[in-house]
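Asker: Structure of the sequence below:
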Amino acid sequence: MKQVKIIRSHEEHQKALARASKLMDLDPAPGTEEADELELLFLVIGDYEEKHFPMDTPDPIEVIKFMMDQRGLKKKDLIPYIGSASKVTEVLNGARSLSLSMIRRLSEGLGIPADILIQPLVKKRA
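Answerer: Numbering: from 1, shown residues only. Here you go, the predicted structure:
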């Protein structure tokens with residue numbers, strides 16, 4: 001097994017990705033040296049990417065709209081999760097924040113992770 005090292009540069013990151021790709025092509029059986037090396041590579045690659053390529057948390061309203069689009073839902077379909085039709089409109093327009101009960105119902109009903117829904121709304125600039 002090759003020694004897996006902490007990734008500290010772009011070049012090392014590229015080499016680790018190439019090695020991981022080769023190992024994935026081998027499709028190593030669990031418990032083998034290659035499988036262990038691949039698992040370690042995933043850990044160090046993930047750590048490097050988390051530090052150097054952080055991902056922004058998505059806007060909760062955009063996630064709700066995305067789920068509506070994916071499931072073919074209309075505003076009226078959100079009434080059981082958000083409340084009245086006027087509350088749905090206010091939430092989708094960013095005029096009203098999600099309450100804890102709305103977050104719970106949306107998470108359970110639409111499968112949107114609560115940690116996404118509790119994020120602050122992104123204020124639209126004029």
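
Asker: for this structure, which spans come out with low pLDDT?
Answerer: For the chain, residues meeting the criterion pLDDT under 70 lie at 121-126.

Asker: if we go to 80?
Answerer: 1-2, 55-57, 120-126 (pLDDT under 80).

Asker: so what are the domain limits for it?
Answerer: 10-52, 60-117 (automatic domain parsing).

Asker: need the ones you listed in CSV with distance to residue 4 and mean neighbour count, can you?
Answerer: (Each C-beta comes from the backbone N, C-alpha and C, glycine too.) Putting these into CSV (distance: least, C-beta to C-beta, whole Å; neighbours: other C-beta atoms under 10 Å) gives the following:
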stretch, distance to residue 4, mean neighbour count
domain 10-52, 4, 14
domain 60-117, 30, 15
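
Asker: The longest helix belonging to the chain packs against which elements?
Answerer: Ranked by residue count under DSSP state H, the longest helix found in the chain is helix 33-52. If you count contacts as 3 or more C-beta pairs under 8 Å, 6 or more residues apart in numbering; DSSP states H and E, helix 33-52 packs onto helix 10-26.

Asker: and the nearest residue to residue 57 once chain neighbours are set aside, what does it touch?
Answerer: Spatially, and ignoring its direct neighbours in sequence, residue 57 is nearest to residue 119 (5.1 Å; C-beta to C-beta, 6 or more residues apart in numbering). Counting by C-beta atoms under 8 Å, 6 or more residues apart in numbering, residue 119 touches 57-60.

Asker: What of residue 110?
Answerer: The neighbourhood of residue 110, defined by C-beta under 8 Å, 6+ apart, consists of 64, 67, 71, 81.

Asker: how much space between it and residue 76?
Answerer: As judged by C-beta to C-beta, to the nearest Å, residue 110 and residue 76 stand 14 Å apart.

Asker: and what of residue 8?
Answerer: For residue 8 relative to residue 76 (C-beta to C-beta), the value is 53 Å.
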